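Peer 1: just the structure for this:
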Amino acid sequence: MGGLIGYQLKSLQLILAASNCQANSEAAAAISNGNSSSKEPSNGTAATCNNGTSNAASNGTTVPVTEVPANSLTDDQAHVTYHVPPGLDLAGEGGRQLGVRAAAQGLLAMPYLSEILPVGGAGDRLGLKCEITKDCLPAAMLPYCGRTMMEGLIRDLQAKEYLYWHLTGTQVTTPVAIMTSDAKGNHARIIGLMEKNDWFGRSPESFRLFRQPLVPVIDASDGRWLLIKPLQLVMKPGGHGAIWKLMHDEGVFDWLQRQGRSAALLRQISNPMAGVDTTLLALAGTGFSGRRAFGFMSCERVVGAAEGMNVLQEHKVWVEDSSHPEGGTWQYEYAITNVEYTEFERLGITDQPMHEGSSHSAFPANTNILYVGLAAARAAVEKAIAAGGGDVLPSLIFNLKKKVKVLDPFLQGEREVRAGRMECTMQNLADSLTTRTKQPLTTAGSGGKLLQQLDALKTFMVYNMRRKVTSSAKKKRDPRSPHIHQTPEGAFYDLQRNAWQVLQRCGMRDVPAVGDVQEYLEHGPGFIFLFHPALGPLWDIIAQKVRGGALMEGSELVMEVAEARLVDVTVDGSLLIKADNVVGHVESAVSKPSSDGNGRYSNNKGNSSSNGRLEYSAVNGRVHMMNVTVQNIGVDWHHPGNVYWQHKVNRHEACRVLLHGKSEFEAYDCKISGNQIFEVPDGYRMIVTSGSVTGSLSIQLLPLEGDIPTWEWRYSMEPSGAVVLEFARNTSLDLWSSPLLAAQRQSLQDEEEVLHFVI
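Peer 2: Numbering: from 1, shown residues only. This next block holds a predicted model:
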């Protein structure tokens, strides 16, 4: 781009373009107010939505029915049209089965997938600080649901790998590329977090960290660089779009290729909802099975929201052809891509509702949950590098809508100014991944022919309901405001709305409502249900492990366990289940990897290490409860110290089940009352039943024998893609060895021996 001078010149160009667009918009609004009788734009500078008819296909793809012509700002832009993008609709009728099928394809592609995590954002709006040092912290360190956001992303990944292990018996270790930055010490803090958690039981060599550059923040009024203190510039990360060039320069594409990875899933650190149910797996399955180059996970979008939209971009291009009488022909280039909300006016896009009276936009939201074919992305980057200029940084923008506090060297104090920095967007790599056709797709045909053409695009989109796709934690909530959008409180609210739906699918009765936003902010959610993602991660799997029962008003159920079977369990209070080994055991590492300080690790043989590697296995904690009622006072919902989104909850009483190492807890036909702790040592199983005295409990602690558990779930996949669980008891181990339990054997064996559950 030409170094600092090139950066400054390009920034001034973007500021000028954005300012002119804003001035034109204000002038148009003034004219409109002065001539209220005129409803239509007189010169075509305001774009409109033209509604037509839609054809819904049997495979969930919808033909685009809305188009918005771009402003005639340049000759090139005059030939660009934006349509509502087609996509695989998991939220519509039949969407559940579409999701199951696509997720199955994503599971089978696990050995060829990688993950890319851009975590370098400063997270200024969160106002996050270390409780001890008071240092500002990046968004990756946000303590969401009792753990950092970074740990939450790794748990989601391990849940998918664990499911793959259950289905195939093969452990895959997905390579993870992490883009950090130096904002707020982000890079050092991420490395520190990973080392503190022993790299989450993974080899450090399975991670590659690389740093996003910082850029100066510029005053939008005069183009000056801003200061935070004397001789110190205000520097911020320059947008995630730099990730592709950095992956090329830092050898990340080569690193992934050496590990046999041909595609990647990309998600942002601020969105804990991306791993819900079939979302990521369906996106991966759709892209990998279709050999697509780039894909978006999308959802509904509110009109006027400050977020980008996904569009089907149609670019009419003149292709010279000497054999043609006119010297060439008009052809069409298509790509499903993104348009940032700051660019709507400049491109002449009107953010209109999908139909009259609707609050939802005709265009779906860009969520920055992406699928990328690595070979296609690498080729696009190399082509842009060869072309020179700024093409290697997709969709350069300058956001003028934010204010920052800076030091004024002349006033000797702070002042607030409208400022920004040049940013580029990672999702707009799709702009360069176009498919050319001789006829426009919107008129080339209908039905199967048109769908076939849409399937031939290099880019694609998968659509689902918003709370199963995104609910970000980007800013600190104003305690005086009832608005929770993009706050940690809002993300937890949507998490519990999803939990309600999961429990409904499990067939639980009496599941209380989460409540509306005002009730939630004043009194907390109507219940709390949290679980380790390896319990599923697919909701249909959870519904086979948890069947029936009830969760009463104001109750709490936490399941930090993957191997569980709860049948007709009623929770009236708090039930907290925690296994030390959720998905397997840790084996000692042979050597200690050494770092070069930049996120690259290698093994130096001869160095000892206490770090271990997580092996997916049956050496874990298990819980089996049937016809049990847990009753206690539970959560103190009126305690002023409760912070629900952090899962900092004060309790009067709780029933706690603690599973150490390889251990099992079983409870049958009993009522567990009051404050209880059932702690099962490594190598043991605990069996709880009703005692001989009314209201009492019989508790037996028995050693586990052999290497196999007393019961297990056997996983298989049907041709439809549905994952089927079979509950089986290992008959070589006498589960009913206790005389107190022998009498119950006959009444339960029909239910217990072997059960089949089908999604």
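Peer 1: what ranges does the stretch 101-250 of the chain have for its helices?
Peer 2: Counting by DSSP state H, counting those that start in this stretch, the segments of the stretch 101-250 of the chain that form helices are 149-168, 186-196, 243-249.
Peer 1: please read the previous query as pertaining to the stretch 401-550 of the chain.
Peer 2: 448-455, 488-505, 517-523, 539-545.
Peer 1: would you format the helices of the stretch 101-250 of the chain as TSV with mean pLDDT and mean neighbour count included?
Peer 2: To be clear about C-beta, it is placed using only N, CA and C from the backbone, and glycine gets the same treatment. Compiled in TSV, these are given as follows (pLDDT from 0 to 100; neighbours: other CB atoms under 10 Å):
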stretch	mean pLDDT	mean neighbour count
helix 149-168	97	22
helix 186-196	92	18
helix 243-249	93	20
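Peer 1: tell me which of these lies nearest to Asn730.
Peer 2: helix 149-168 (16.4 Å; CB to CB).
Peer 1: check contacts around Gln171.
Peer 2: Applying CB atoms under 8 Å, 6 or more residues apart in numbering to Gln171 gives the contacts Glu161, Trp165, Glu615, Tyr616.
Peer 1: specify the beta-bridge partners of Tyr616.
Peer 2: Gly584 (DSSP bridges).
Peer 1: centroid-nearest residue for the chain?
Peer 2: Nearest residue to the geometric centre of the chain (CA atoms, centre = their mean): Ala274, 2.1 Å.
Peer 1: now name the helix or strand holding it.
Peer 2: Ala274 is part of no helix or strand when elements are defined by DSSP states H and E.
Peer 1: quick check: closest non-adjacent residue to it.
Peer 2: Distance criterion CB to CB, 6 or more residues apart in numbering; nearest residue to Ala274, sequence neighbours excluded, is Arg267 at 4.5 Å.
Peer 1: what does Pro703 give?
Peer 2: That would be Tyr684: by CB to CB, 6+ apart, it lies 5.8 Å from Pro703.
Peer 1: thinking again about what came up before, of the contacts of Gln171, closest to Lys468?
Peer 2: Nearest to Lys468, judged by CB to CB, of those is Glu161 at 21.0 Å.
Peer 1: give the contact list for the closest one.
Peer 2: Met110, Gln171, Val172, Thr173, Thr174, Tyr616.
Peer 1: same check on Val623?
Peer 2: 559, 561, 563-566, 577, 579, 657, 659, 664-666.
Peer 1: try it again at 6 Å.
Peer 2: Contact analysis of Val623 by CB atoms under 6 Å, 6 or more residues apart in numbering lists Val561, Ala564, Ile577, Phe665.
Peer 1: pipe these into TSV and attach distance to Gly185 and pLDDT per row.
Peer 2: As requested, these are arranged in TSV below (distance: CB to CB, whole Å; pLDDT from 0 to 100):
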residue	distance to Gly185	pLDDT
Val561	35	98
Ala564	39	98
Ile577	36	98
Phe665	42	98
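Peer 1: I figured Trp645 hits Phe492, correct?
Peer 2: Yes: in this structure, Trp645 is within contact of Phe492 by CB atoms under 6 Å, at 3.7 Å.
Peer 1: thinking again about what came up before, farthest pair within the contacts of Gln171?
Peer 2: Greatest spacing in these, by CB to CB: Glu161 and Glu615 (11.3 Å).
Peer 1: thinking again about what came up before, surely the residue nearest to Ala274 and Ile369 touch.
Peer 2: Yes: with contacts counted by CB under 6 Å, Arg267 reaches Ile369, the gap being 5.2 Å.
Peer 1: overlap in contacts, these two.
Peer 2: Listed as contacting both Arg267 and Ile369 by CB under 6 Å, 6+ apart are Ala274.
Peer 1: make a ChimeraX selection of the buried ones in the contacts of Glu161.
Peer 2: Filtering the contacts of Glu161 down to the buried ones (16 or more other CB atoms under 10 Å) takes a single ChimeraX command:
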select :110,173,174,616
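Peer 1: and which of the contacts of Glu161 is nearest Leu214?
Peer 2: Checking the contacts of Glu161 one by one against Leu214 (CB to CB), the nearest turns out to be Thr174, at 28.9 Å.
Peer 1: quick one: residues contacting that closest one.
Peer 2: Glu115, Leu157.
Peer 1: what about stretch 499-513, start to end distance?
Peer 2: End-to-end span of stretch 499-513 (CA to CA, to the nearest Å): 10 Å.
Peer 1: renumber starting at 8 from here on
Peer 2: Fine by me, first position is 8 from now on; the one you just mentioned is stretch 506-520.
Peer 1: name the residues of that stretch that are buried.
Peer 2: Neighbour-count burial for stretch 506-520 flags Ala506, Trp507, Gln508, Val509, Leu510, Arg512, Cys513, Met515, Val518, Pro519 (criterion: 16+ other CB under 10 Å).
Peer 1: swap in stretch 431-450?
Peer 2: Within stretch 431-450, the residues that count as buried by 16+ other CB under 10 Å are 431-442, 444, 448-449.
Peer 1: tabulate the CA atom coordinates of stretch 571-590 in CSV.
Peer 2: Output in CSV follows, covering the C-alpha atoms of stretch 571-590 (Å, rounded to 0.1, in the frame of the first residue of the first chain):
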residue,chain,number,x,y,z
ALA,A,571,-24.8,-39.0,31.0
ARG,A,572,-28.2,-40.6,31.1
LEU,A,573,-31.0,-38.8,33.0
VAL,A,574,-34.4,-40.4,32.7
ASP,A,575,-37.4,-38.9,34.6
VAL,A,576,-35.2,-36.7,36.8
THR,A,577,-37.0,-33.8,38.5
VAL,A,578,-34.8,-30.9,39.6
ASP,A,579,-36.4,-28.5,42.2
GLY,A,580,-33.4,-26.5,43.3
SER,A,581,-29.8,-26.9,42.1
LEU,A,582,-28.2,-30.0,40.7
LEU,A,583,-24.5,-29.5,39.8
ILE,A,584,-22.7,-32.4,38.0
LYS,A,585,-19.0,-32.0,37.4
ALA,A,586,-16.5,-34.5,35.9
ASP,A,587,-12.8,-33.9,36.0
ASN,A,588,-12.4,-36.0,32.9
VAL,A,589,-15.2,-35.0,30.6
VAL,A,590,-14.1,-36.5,27.2
